[in-house]
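# Following is a predicted model, sequence given first.
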Amino acid sequence: MAIRNREFDKIEQACEVFGCTPYFAIVVDANDQIHVFLLSMDHLLHLFPRGKTQSNWSMHPRYVIGYHEEDPQIRSFIFRTEAVSWWEKQ
């Protein structure tokens, strides 16, 4: 998932004005699961530094396991979904 550099600039400016610490909530819909990750912008940029135009948050399974189980600076949870009743094509 790409996060453009201009988004970092916007959050830095807003947090400076309001005296806040910049945090990100990253929400990724992956089939029957919705992954939610909460972490500081500093930690996000430590993991995935800015490139020329963006930072890239990896959703490779190896990284996802690390986000959930191995990194104490990332708070996370998973919603598991199941369609019980849904419209079908007729």
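Nice, I can see it. Residues are numbered from 1 along each chain as shown.
# Could you check how many residues crowd around the nearest residue to Gln73 once chain neighbours are set aside?
Ranked by C-beta to C-beta, 6 or more residues apart in numbering and with sequence neighbours excluded, the top spatial neighbour of Gln73 is His43, at 4.7 Å. No exception for glycine: its C-beta is placed from N, CA and C like everyone else's. A count of nearby residues for His43, using other C-beta atoms under 10 Å, gives 14.
# Hmm, His43 is touching Ile74, no?
Yes. His43 lies in contact with Ile74 (C-beta atoms under 8 Å); the separation is 7.2 Å.
# ok so, going back, look up phi and psi at the residue nearest to Gln73.
phi -70, psi -40 (degrees, to the nearest 10).
# On the pLDDT front, check it for me.
According to the prediction, His43 has pLDDT 95.
# For it, give its distance to Val84.
37 Å (C-beta to C-beta, to the nearest Å).
# Show me which positions of stretch 13-23 end up buried.
Applying a neighbour-count criterion of 16 or more other C-beta atoms under 10 Å, one finds Pro22 buried in stretch 13-23.
# and it, how far apart are its ends?
13 Å (C-alpha to C-alpha, to the nearest Å).
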